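My questions concern the predicted model and sequence given below.
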Amino acid sequence: MTHLFTGAILAGAMAAPVVAQELKFANFTPPFHTINASVIEKLNADLAAATGGAVTVRGYHGGELGAGPVEQYVRVVQGVADLGWGLPGYTSSQFEKTMIVELPDAIPLGSSGYEALWKAFDDHLASEFPGTVAIALWTSEPNIFIMKDAEIRTPADLAGLKVRVAGATAAQVAEALGATPVQMPINQVYNALQTGLIDGVITGASTLSDFKLDEVANSYTLGANLGRLAFYTVMNQGAFDSLTEDQQTALLGLRAAVSESAETSWNATADAALQAARDSGDNTVIDLSETEAQAFAEAVAEVVDGYVSDVGGEAALAAMRGE
């Protein structure tokens, strides 16, 4: 009887379903934002497949787990969310070397930002992500000038204009170009452009659709290497540690694919938004020549070199460039 009873317990244990673990992903933007399909839904599908359905991801959109894009990293560290995404530029003092990827001319136009970040991560950037595990790192499409009632063809055209930037480094770049930088989260830019609080923004064209900036802007300048925005998806260290070793391995194995998915989607969103801007008939789209673009590069070169030197980032930049 003892053997039969023990056998029954073992059989029952073996037949018991695996308890699924659902990870909470904090998203401060609406569910139609590019982040949802390219990162949250992809991570859910790929992680569920890799773990036999034992680990899934659920997005909480529109700031449901707490509003404010600046606070997202802290929310993950505090365990309010298991996963979250954000921009290093919002808290740039924490991400001094990570922010190098955002500098003008740091990464050539057309080069992969996510590959550059991962090349430098282990040796140079990992210490800037305390209390978390980095799950995805990527960059946006190259920055452009998105303006209201102002056409930018030379740095001189920016004199006296108020331009929104994402962080301290971008603010120095704007100042070097002659503009007055205004720092604010991207979700405040629409109203700021509409009301004239700012004249424009240096950011990627994906914001034209993701944040509806196409409704309030009417002039776009492309071709200068103004850098790009960096993004992260991070996971609470405790939540990561709660996974089994096999589940951790599966999750880390998705890093490159999810990062590539995000960057590809950002670029696709940007391309579509720019094409719509060109086709609308009521916008000015300026494509700078190489000579015209060089003037912008020369204007910001001192800022770029100075920043890399100040943060001791020469080795990090070389790693990003694959040197």
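Arrived safely.

From now on I want contacts and neighbour counts done on CA atoms only, so please keep to that.
Fine.

Which strand in the chain has the most residues?
strand 132-142 (DSSP state E).

Run through who's touching that strand.
76-77, 109, 112-115, 117-118, 203-206, 225-237, 240, 251-252, 254-256, 258-260, 262-263, 266-267, 270 (CA atoms under 8 Å, 6 or more residues apart in numbering).

if you set the cut-off to 7 Å instead, what comes out?
Outside strand 132-142, the residues within contact range by CA atoms under 7 Å, 6 or more residues apart in numbering are 77, 109, 113-114, 117, 204, 225-237, 252, 255, 258-259, 262-263, 266-267, 270.

residue contacts, residue 22?
Listed by CA under 7 Å, 6+ apart, the contact set of residue 22 reads 55-58.

gap between the longest strand of the chain and the chain center?
Centroid separation between strand 132-142 and its chain, computed with CA atoms, centre = their mean, to the nearest Å, is 5 Å.

cool, and stretch 170-177?
On CA atoms, centre = their mean, the centre of stretch 170-177 falls 20 Å from the chain's centre.

how about that stretch as CSV, C-alpha atoms only?
Output in CSV follows, covering the C-alpha atoms of stretch 170-177 (Å, rounded to 0.1, in the frame of the first residue of the first chain):
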residue,chain,number,x,y,z
ALA,A,170,21.4,66.4,-27.0
ALA,A,171,21.0,69.8,-25.3
GLN,A,172,24.7,70.5,-25.9
VAL,A,173,24.3,69.5,-29.5
ALA,A,174,21.4,71.9,-29.9
GLU,A,175,23.4,74.7,-28.3
ALA,A,176,26.3,74.1,-30.6
LEU,A,177,24.0,74.5,-33.6
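
Tell me if I'm right that residue 26 and residue 79 touch.
No - using CA atoms under 7 Å as the test, residue 26 is too far from residue 79 to be in contact (10.7 Å).

Would you map the strands across the stretch 51-200 of the chain?
Using DSSP state E, counting those that start in this stretch, the strands of the stretch 51-200 of the chain run over 55-60, 83-86, 132-142, 144-147, 162-165, 180-183, 200-203.

follow-up on the earlier one: now which of the contacts of strand 132-142 would you call buried?
Using 16 or more other CA atoms under 10 Å as the burial test, those include 77, 109, 113-114, 117, 204, 225-237, 255, 258-259, 262-263, 266-267, 270 as buried.

Kindly reformat the strands of the stretch 51-200 of the chain as JSON lines and extend each row with distance to residue 309, mean neighbour count and mean pLDDT.
Listed next are the strands of the stretch 51-200 of the chain as JSON lines, based on distance: least, CA to CA, whole Å; neighbours: other CA atoms under 10 Å; pLDDT from 0 to 100:
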{"stretch": "strand 55-60", "distance to residue 309": "39", "mean neighbour count": "20", "mean pLDDT": "98"}
{"stretch": "strand 83-86", "distance to residue 309": "26", "mean neighbour count": "26", "mean pLDDT": "97"}
{"stretch": "strand 132-142", "distance to residue 309": "22", "mean neighbour count": "25", "mean pLDDT": "96"}
{"stretch": "strand 144-147", "distance to residue 309": "25", "mean neighbour count": "25", "mean pLDDT": "97"}
{"stretch": "strand 162-165", "distance to residue 309": "22", "mean neighbour count": "25", "mean pLDDT": "95"}
{"stretch": "strand 180-183", "distance to residue 309": "22", "mean neighbour count": "20", "mean pLDDT": "95"}
{"stretch": "strand 200-203", "distance to residue 309": "24", "mean neighbour count": "26", "mean pLDDT": "95"}
